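no letters, just coordinates:
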Ligand code: GAR
């Protein structure tokens with residue numbers, strides 16, 4: 001038994017991983033308690049799952065914030081402690097020579113391809129992340145768990161959660177065996193490549209995209225007749241075991 005850790009969760013959709021973690025907490029099979037579930041998208045099923053379990057919820061509507069940023073960003077819109085030069089120095093999401101497009105249209109969890117304006121990206125995300133931080137920092141959490149949260153987090157956000165140097169506090173689950181197939185469609189990329197083995201990875205979040213230290217992985221065979229749907233199903237079933245196990249590993253490491 002470890003000390004019960006306090007966990008915050010962020011989601012974007014259906015929340016089946018969130019459900020697996022809620023169930024593990026309720027069953028007492030992990031030493032964790034979820035204090036809140038935040039979503040970047042209103043009205044998703046994951047929010048209902050949290051509410052049903054008596055967990056606090058909130059929404060930071062990224063799509064709306066980004067739409068409004070596209071009308072123009074004034075310096076006064078930015079968080080007072082936002083320092084673009086420092087964040088540009090730290091970020092490992094995009095290499096500077098690929099960040100030439102000024103549309104700023106990429107808005108999902110992936111910067112792969114990097115056809116966007118990095119400055120717009122970092123500024124608009126910091127505006128959203130400040131609102132997210134105001135919600136999150138109202139709670140005293142040991143760990144922030146991204147359970148299908150489809151937004152890239154920038155150094156502005158990460159530095160305000162990881163306040164002790166060298167100690168990671170943000171965990172993510174990715175639908176592929178990293179370092180293969182980072183980005184938004186891990187199972188799709190695995191399937192289309194023709195891999196014979198697929199899998200999922202839980203890792204800590206650092207300044208890159210799906211690059212942080214790996215905590216755990218699960219794999220499965222991809223059979224000749226498997227469809228993409230089969231791959232997703234097999235993958236999710238592994239995720240539901242893996243995520244609670246990795247949270248428990250974290251609890252034991254600090255307890
Ligand atoms: C999961 O497959 C998870 O690995 C993936 O989103 C799905 C969320 O499902 N996450 C990412 O792709 C993160 N880049 P869920 O909402 O049912 O837990």
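Happy to help now that I have it. Keep in mind that what you see is a predicted model, and the values were worked out from it rather than measured. Numbering: from 1, shown residues only.

contacts, neighbours, all on C-alpha from now
Fine.

and residue 239, how far from the ligand?
7 Å (CA to the nearest ligand atom, to the nearest Å).

what about that residue, neighbour count?
For residue 239, the neighbour count with other CA atoms under 10 Å is 26.

what do you get for residue 240?
By the measure other CA under 10 Å, the count of residues near residue 240 is 18.

ok, it - contacts?
Residue 240 makes contact with 16, 17, 20, 21 under the criterion CA atoms under 8 Å, 6 or more residues apart in numbering.

quick check, the third one in a helix?
Just to be clear, that refers to residue 20. Yes: checked against DSSP: H, G, I helix; E, B strand; the rest coil, residue 20 lies within a helix.

for the ligand, see how far away it is.
Residue 20 is 8 Å from the ligand, by CA to the nearest ligand atom.

surely residue 150 is in contact with residue 15?
No: Residue 150 is not in contact with residue 15 according to CA atoms under 8 Å; the separation is 11.7 Å.

now do the helices in the stretch 101-250 of the chain.
Taking DSSP state H, counting those that start in this stretch as the criterion, the stretch 101-250 of the chain carries its helices at 118-136, 155-161, 186-193, 228-254.

would you mark the buried spots in the last one?
Going by neighbour count (16 or more other CA atoms under 10 Å), the buried part of helix 228-254 is 228, 231-232, 234-236, 238-240, 242-252.

look up how far the ligand lies from residue 230.
Counting by CA to the nearest ligand atom - residue 230 and the ligand are separated by 13 Å.

and that residue, what's its pLDDT?
Per-residue pLDDT puts residue 230 at 98.

now do residue 107
Listed pLDDT for residue 107 reads 35.

which regions of the stretch 1-150 of the chain sit below the pLDDT cut-off?
Along the stretch 1-150 of the chain, the model assigns pLDDT under 70 to residues 95-116.

what parts of it come near the ligand?
Proximity of the stretch 1-150 of the chain to the ligand, by CA under 6 Å from any ligand atom, involves residues 13, 14, 15, 16, 17, 18, 109, 147, 148, 149, 150.

for the second one, phi and psi?
What it means is residue 14. Main-chain dihedrals, residue 14, degrees, to the nearest 10: phi -70, psi -30.

that one contacts residue 44, doesn't it?
Yes: here residue 14 lies in contact with residue 44, judged by CA under 8 Å, at a distance of 6.3 Å.

and for stretch 82-96, what's in contact with it?
111, 114, 118-119, 122-123, 126, 154-156, 207-209.

hang on, I meant stretch 31-46
Under the criterion CA under 8 Å, 6+ apart, residues 1-16, 18-19, 22, 25, 47, 50, 55-63, 139, 141, 149, 151, 247-248, 251 lie in contact with stretch 31-46.

one more: stretch 7-22?
Outside stretch 7-22, the residues within contact range by CA under 8 Å, 6+ apart are 32-41, 44-47, 49-50, 53, 136, 141-150, 239-241, 243-244.

give me the neighbour count for residue 6.
A count of nearby residues for residue 6, using other CA under 10 Å, gives 18.

coming back round to it: top of the contacts of residue 240 by neighbour count?
Tallying neighbours with other CA under 10 Å puts residue 21 at the head of the contacts of residue 240, with 27 neighbours.

just the buried subset of the contacts of stretch 82-96, please.
Buried subset of those (neighbour count, 16+ other CA under 10 Å): 111, 114, 118-119, 122-123, 126, 154-156, 207-209.

now for these: which two are most distant?
Farthest pair in the buried ones among the contacts of stretch 82-96 (CA to CA) is 114 and 156. Separation: 19.0 Å.

all good on my end, thank you.
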